[in-house]
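S.K.: Pasted the sequence and its predicted model underneath.
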Amino acid sequence: MFVRKRNFFLFTTLIISTLVFFAVDLAVGATAVSLSDIFRTLTGDDVGIAGKILLNFRLPKAAVAVLAGMSLSVSGLQMQTIFRNPLADPYVLGVSAGSGLGVALFIMGTSFLTSSSLLDFGVYPAAWLGSALVLIMILAVSTRIRDAMTVLILGVMFGGAASAAISILQYFSSESNLKIYMIWTMGSLGAVASDKLPIMILASLAGLILSIFSIKPLNVLLLGETYARSAGVNVRLARNVVFLGTGILTGTITAFCGPIAFVGIAVPHIARMIFRRADHKVLMPGVMLIGALMMLLCDIISQTVKPGTTLPINSITSLLGIPVIIFVIMKYRS
């Protein structure tokens, strides 16, 4: 009974905090918007320029922050459970590097490739195609290999190969294209146009639904793959579903926002410290709320450190996430 009351209090606090930070994220920026204007805009009233700023820019950006935080945090939780490694993150399978390779080919590849067909593609589909390619290779390998750690090593190798290809592209790229690519790698929550937001929402929801269906197998896998098999769990199928969900979530967020570091590693540990539970029925919604809250906080910080400018979101998430990682390393140093 005490645990239920405590969880109810924690979830209520997180939900209220997320709503407050969402409102603050809508209010801050180069042009300050009052809370009354936010409320009137959301209820359908016309408040002039402030309303247009909210609907066309800040509301989509805040929604992207929530989706990115939820997606990366859930992916990190799943990876840490599957690989039983506290430092595993959603990019450990090389999906992010695959997205980066797709974007690099789109932005920098045409600087020396004779074919100009890549110009017909945008950054979003290029990133998706790159992540999908790596994910397909991971799924193909995982159907033949039973050991999760071997799949992890292969994922790191796939990511390393993609990074090597990116380095070659950077070497031959022009200065202007290289600058565009480097800006993309810094991450941004405001680059998603309103007409592209529904696509991002649908893709993220698909990955989150797959993750929710993985809750029960993940709980059993906490006790090891041998116990899971004896309990009747199809470990290979469960692992592939987790890989597919993580690939969709990570690939989508990387495609629309660029690579965002440390959220997937840090948030699951914060959730475990807050809830003091290993049950994914509690941790899954917990990391969603904490991840959304953290990304909203990072977006607020990125806009308030230097008024009139927006700092790269990747820098803020790294500064907030690194202390958590250091704590985890010290905790598991043995």
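M.R.: Sure, I can see it.
S.K.: So, low pLDDT: which residues of the stretch 201-334 of the chain?
M.R.: For the stretch 201-334 of the chain, the stretches flagged by pLDDT under 70 are 332-334.
S.K.: run the last query once more with 80
M.R.: For the stretch 201-334 of the chain, applying pLDDT under 80 flags the ranges 306-309, 328-329, 331-334.
S.K.: Mind jotting down where the helices sit in it?
M.R.: With DSSP state H, counting those that start in this stretch as the criterion, the stretch 201-334 of the chain has helices at 215-221, 225-230, 235-257, 263-275, 280-304, 313-331.
S.K.: same for the fifth one, what does it pack against?
M.R.: To tie it back to what came earlier, the one meant is helix 280-304. With contacts taken as 3 or more CB pairs under 8 Å, 6 or more residues apart in numbering; DSSP states H and E, helix 280-304 sits against helix 2-27, helix 59-82, helix 197-213, helix 215-221, helix 263-275, helix 313-331. To be clear about C-beta, it is placed using only N, CA and C from the backbone, and glycine gets the same treatment.
S.K.: 6 Å - rerun?
M.R.: Contacts defined by 3 or more CB pairs under 6 Å, 6 or more residues apart in numbering; DSSP states H and E place helix 280-304 against helix 2-27, helix 59-82, helix 215-221, helix 263-275, helix 313-331.
S.K.: Over to the first one?
M.R.: Applying 3+ CB pairs under 6 Å, 6+ apart, one finds that helix 215-221 makes contact with helix 280-304.
S.K.: One more: the fourth one?
M.R.: Judged by 3+ CB pairs under 6 Å, 6+ apart, helix 263-275 is in contact with helix 59-82, helix 280-304, helix 313-331.
S.K.: Name the surrounding residues that touch that helix.
M.R.: By CB atoms under 6 Å, 6 or more residues apart in numbering, the residues outside helix 263-275 that reach it are 72-73, 75-77, 80, 89-90, 282-283, 286-287, 290-291, 317, 321, 324-325, 328.
S.K.: cool, and the fifth one?
M.R.: Contacts made with helix 280-304 from outside it, assessed by CB under 6 Å, 6+ apart, are listed as 14, 17-18, 21-22, 24-25, 28-29, 65-66, 68-70, 73-74, 77, 189, 215, 218-219, 267-268, 270-271, 275, 310-311, 313, 316-317.
S.K.: pLDDT weak spots in the stretch 51-200 of the chain?
M.R.: Along the stretch 51-200 of the chain, the parts satisfying pLDDT under 80 run over 51, 87, 92-93, 109-124, 139, 142-149, 191, 193-195.
S.K.: hmm, try it at 90
M.R.: For the stretch 51-200 of the chain, the stretches with pLDDT under 90 are 51-58, 79, 82-160, 162-163, 169-197, 199.
S.K.: ok, which stretches of it are helices?
M.R.: Using DSSP H, counting those that start in this stretch, the helices found in the stretch 51-200 of the chain span residues 59-82, 95-107, 123-142, 148-172, 175-185, 197-213.
S.K.: Mean neighbour count and distance to residue 297 added to these, as TSV?
M.R.: As requested, these are exported to TSV (neighbours: other CB atoms under 10 Å; distance: least, CB to CB, whole Å):
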stretch	mean neighbour count	distance to residue 297
helix 59-82	27	9
helix 95-107	27	22
helix 123-142	20	25
helix 148-172	16	28
helix 175-185	15	22
helix 197-213	17	19
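S.K.: Nothing else from me, thank you.
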